[in-house]
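*Asks:* Show me how the following folds:
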Amino acid sequence: MSEGDSVGESVHGKPSVVYRFFTRLGQGWYIVTYALGIYHLNLFIAFLSPKVDPSLMEDSDDGPSLPTKQNEEFRPFIRRLPEFKFWHAATKGILVAMVCTFFDAFNVPVFWPILVMYFIMLFCITMKRQIKHMIKYRYIPFTHGKRRYRGKEDAGKAFAS
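*Replies:* Presented below is the predicted three-dimensional model:
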C-alpha cells in the first residue's frame with residue numbers, strides 16, 4: 001500500500017466490497033438492515049422448530065411425533081431447516097443485502113430508533129412464543145454433549161488367581 005491509500009482501499013485503488021458495505025450501513029440503509037434482520041429471525045425460528053410440528057400431529061397418528069410422556073419411545077429432534085441450509089440461506093441474505101446497498105432506491109430515510117425498538121419487540125415476542133411451544137411439547141433443539149452411562153458399582157474384590 002502506498003502513502004496515499006486509505007485503509008479500505010485495495011491494491012487497485014477501489015474500495016473493497018466489505019468495507020463499502022459496512023461504511024454504507026453506517027450512513028443509512030436502515031430498511032435494508034431491518035429487512036436482513038427480519039429474514040435472519042425467520043431463518044432462526046425455522047432452525048429451532050421441529051420438522052413435524054407436534055401441535056398439528058396431536059390428533060392424527062400418521063407420521064413420527066416427538067415423545068410427550070416419559071414412557072414413549074425416543075425420537076431424535078429433526079429440524080425444519082437443517083444447519084447447513086440455515087447458514088447457506090443466511091449468507092445469501094447477506095449477499096443480497098450487500099447488493100441492495102449499491103442502489104439508492106433502497107436508501108429510504110427513516111427514523112432508525114423506531115426500527116430498532118420494533119425489531120427488539122418482534123424478536124422478544126417471537127422467541128417467547130417459540131420457547132413456550134418448546135416447553136409445551138418438550139423438545140430441545142440443542143444437545144448438551146454425549147450421554148454417559150455408568151456401570152454397576154464394584155461390590156467385591158477383583159478376581160485374582
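
*Asks:* Which positions within stretch 28-38 qualify as buried?
*Replies:* Of all the residues in stretch 28-38, those buried under the rule 16 or more other CB atoms under 10 Å are 28-34, 36-37. For the C-beta atoms, the positions are set from N, CA and C on the backbone; glycine is no exception.

*Asks:* List the buried residues for the helix or strand hosting residue 132?
*Replies:* Under DSSP states H and E, the secondary-structure element containing residue 132 is helix 112-136. Buried residues in helix 112-136, defined by neighbour count with 16+ other CB under 10 Å: residue 133.

*Asks:* Residues contacting it, please?
*Replies:* The contact list for helix 112-136 (CB atoms under 8 Å, 6 or more residues apart in numbering) reads 30-31, 34, 37-38, 41, 45, 48-49, 55, 140-141.

*Asks:* please redo it, this time with the cut-off set to 7 Å
*Replies:* Contacts made with helix 112-136 from outside it, assessed by CB atoms under 7 Å, 6 or more residues apart in numbering, are listed as 30, 34, 37, 41, 45, 48, 140.

*Asks:* mind listing which of those are in helices?
*Replies:* Among the contacts of helix 112-136, the subset assigned to helices under DSSP state H consists of 30, 34, 37, 41, 45, 48.

*Asks:* any chance of these in CSV, plus pLDDT and distance to residue 116?
*Replies:* Formatted as CSV, the ones in helices among the contacts of helix 112-136 follow (pLDDT from 0 to 100; distance: CB to CB, whole Å):
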residue, pLDDT, distance to residue 116
30, 86, 9
34, 90, 9
37, 90, 9
41, 94, 14
45, 92, 20
48, 87, 23
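
*Asks:* quick check, nearest of these to residue 94?
*Replies:* Nearest to residue 94 among the ones in helices among the contacts of helix 112-136, counting by CB to CB, is residue 37 at 11.2 Å.

*Asks:* ok, that closest one to residue 118 distance?
*Replies:* Distance, residue 37 to residue 118, by CB to CB, to the nearest Å: 10 Å.

*Asks:* now the helices for the chain?
*Replies:* Assignment of helices within the chain using DSSP H yields the ranges 17-26, 30-48, 83-100, 112-136.

*Asks:* Which one of those has the poorest average confidence?
*Replies:* Within these, the least confident segment by mean pLDDT turns out to be helix 17-26, at a mean of 62.

*Asks:* rewinding a little: is it possible to get CSV of the helices of the chain that adds distance to residue 106?
*Replies:* Below are these laid out as CSV (distance: least, CB to CB, whole Å):
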stretch, distance to residue 106
helix 17-26, 10
helix 30-48, 5
helix 83-100, 5
helix 112-136, 14
